[in-house]
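In: Okay, sequence plus prediction incoming.
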Amino acid sequence: LKAKARWQRWEEELSLVQHEMGWTVSWFQYKEEEWLRRYKKSVKPGHQAYAHRQMCLWGNFGSEAENSFKDKMIIVT
């Protein structure tokens, strides 16, 4: 009985972690798109440079997370 309960908790935790992986990648992609919008709206070169740097940063986070979580995450649309 204890073993079955432990197994069920493990399955639930695994499911949550897999969903969190997908949510993390989605969050990074959202932030990248947000900085892309800011880049397109900015007029001053300094603002464009900063927005471009942030866009690349979040894009790299997303790519690395996607590669790390490949075949492990559940993608939520």
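Out: Yep, it's here.
In: what's the burial count for residue 9?
Out: 10 (other CB atoms under 10 Å). Any C-beta I mention is one placed from the backbone N, CA and C, and that applies to glycine too.
In: Quick check: which element contains it?
Out: In this structure, residue 9 sits in helix 2-41 according to DSSP states H and E.
In: Distance check, residue 57 against residue 37.
Out: Taking CB to CB, to the nearest Å as the measure, residue 57 falls 15 Å from residue 37.
In: do the same with residue 58
Out: Computed as CB to CB, the residue 58 to residue 37 distance reads 12 Å.
In: is it true that residue 73 touches residue 26?
Out: No. Residue 73 lies out of contact with residue 26 (CB atoms under 8 Å); the separation is 9.9 Å.
In: between residue 58 and residue 37, which one's more packed in?
Out: Ranked by neighbour count (other CB under 10 Å), residue 58 and residue 37 place residue 58 first, with 20 against 11.
In: list the contacts for that one?
Out: Neighbour list for residue 58: 28, 29, 31, 32, 34, 35 [criterion: CB atoms under 8 Å, 6 or more residues apart in numbering].
In: Go again with 10 Å.
Out: Applying CB atoms under 10 Å, 6 or more residues apart in numbering, we find residue 58 in contact with 27, 28, 29, 30, 31, 32, 33, 34, 35, 36.
In: now those in JSON lines, with distance to residue 46?
Out: Output for the contacts of residue 58, formatted as JSON lines (distance: CB to CB, whole Å):
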{"residue": "27", "distance to residue 46": "27"}
{"residue": "28", "distance to residue 46": "24"}
{"residue": "29", "distance to residue 46": "26"}
{"residue": "30", "distance to residue 46": "24"}
{"residue": "31", "distance to residue 46": "20"}
{"residue": "32", "distance to residue 46": "20"}
{"residue": "33", "distance to residue 46": "21"}
{"residue": "34", "distance to residue 46": "19"}
{"residue": "35", "distance to residue 46": "15"}
{"residue": "36", "distance to residue 46": "17"}
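In: Thank you kindly, that will do.
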